[in-house]
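Undergrad: output the structure for:
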Amino acid sequence: MEQIKFTGIVLKSVDYKEKDKLLTIFSLELGKITATLKGVKQEKAKLKFAAMPFCFAEFVASNNNGYLTITECYQIESFYNIISNYNKSITGFLFLEVSCIIMQKTPDEMWFLTLINFLKELEFGTANEKVLQIKFMLKTLNKVGYGLNFSNCLECGLKFINDVYLNLNTGELECSTCFGVNSLKLTKQQFSILKLIDSLSLTELKGVKQKDDVLTEIVNILKQNLNLRLGSNIRSLI
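TA: All right, here's what the predicted structure looks like:
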């Protein structure tokens, strides 16, 4: 039986049989994989920590005709500050859930590093959680080919001067002349905040200070757009 080693982060964990867990792991070397963790629901199981979402570790697994069973786990980071804080955990689960949706069974080093960097910023940084949610969803839209153009209307090509709309059919930003029936009007404040957050690096987000209700409105708009682009209902954000 072949033994394989990989570095990964647990995206989700579900009960499997009487004492086991079925893990979805995003690995650096293999992409998104599924692996069994046997006996982990027993009281004295040594690898209980490996079944926890956010467990970032080096894994060893036996490979039996494509079926992976975790045999060893060496934790790199637990992201405890995320798990133990309600607001941070909501944001962290958004990162995991979306990554689980968009990742495939092929390696993606860039997104792996993106996910880890966002989790580290959430764990150790001081940026507002909702600002991080907005940045992550903007990053995801770029990743899946629906990045927002904050300079020009993608319908007529003219620069944005007056009102700006988000077309939920296409996922594109449009001007007040080109917007369609299924379009959401963005306030000037919402548009400027989105544009600002999109332009900043992850470490610069701590400087974004906005009222919670304004950020919540933007999060809900992006969630609605992202749900349509991914064809999935993001459950992490209530």
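
Undergrad: quick one, longest helix in the chain?
TA: In the chain, assigned by DSSP state H, the helix with the most residues is helix 212-230.

Undergrad: alpha carbons only: can I get it in CSV?
TA: What follows is helix 212-230, C-alpha atoms only, in CSV (Å, rounded to 0.1, in the frame of the first residue of the first chain):
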residue,chain,number,x,y,z
ASP,A,212,-20.7,48.1,10.2
ASP,A,213,-24.1,48.5,8.5
VAL,A,214,-22.4,49.9,5.4
LEU,A,215,-20.0,47.0,5.2
THR,A,216,-22.8,44.5,5.8
GLU,A,217,-24.8,45.9,2.9
ILE,A,218,-21.7,45.5,0.6
VAL,A,219,-21.1,41.9,1.9
ASN,A,220,-24.7,41.0,1.1
ILE,A,221,-24.4,42.5,-2.4
LEU,A,222,-21.2,40.5,-3.1
LYS,A,223,-22.7,37.3,-1.6
GLN,A,224,-25.7,37.6,-3.9
ASN,A,225,-23.4,38.1,-6.9
LEU,A,226,-21.0,35.3,-5.9
ASN,A,227,-23.9,32.9,-5.4
LEU,A,228,-25.0,33.4,-8.9
ARG,A,229,-21.5,33.2,-10.4
LEU,A,230,-20.7,30.0,-8.5
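
Undergrad: now it: average pLDDT?
TA: Per-residue pLDDT over helix 212-230 has a mean of 96.

Undergrad: where does pLDDT dip in the protein?
TA: 238 (pLDDT under 70).

Undergrad: which secondary structure element contains the residue nearest in space to the middle of it?
TA: Residue closest to the average C-alpha location in the chain (C-alpha atoms, centre = their mean): residue 95, at 2.5 Å. Per DSSP states H and E, residue 95 falls inside helix 86-102.

Undergrad: show the contacting residues for the residue nearest to the centre of the chain.
TA: 115, 118, 119, 122, 136 (C-beta atoms under 8 Å, 6 or more residues apart in numbering). All C-beta atoms are positioned from the backbone trio N, CA, C, and that covers glycine.
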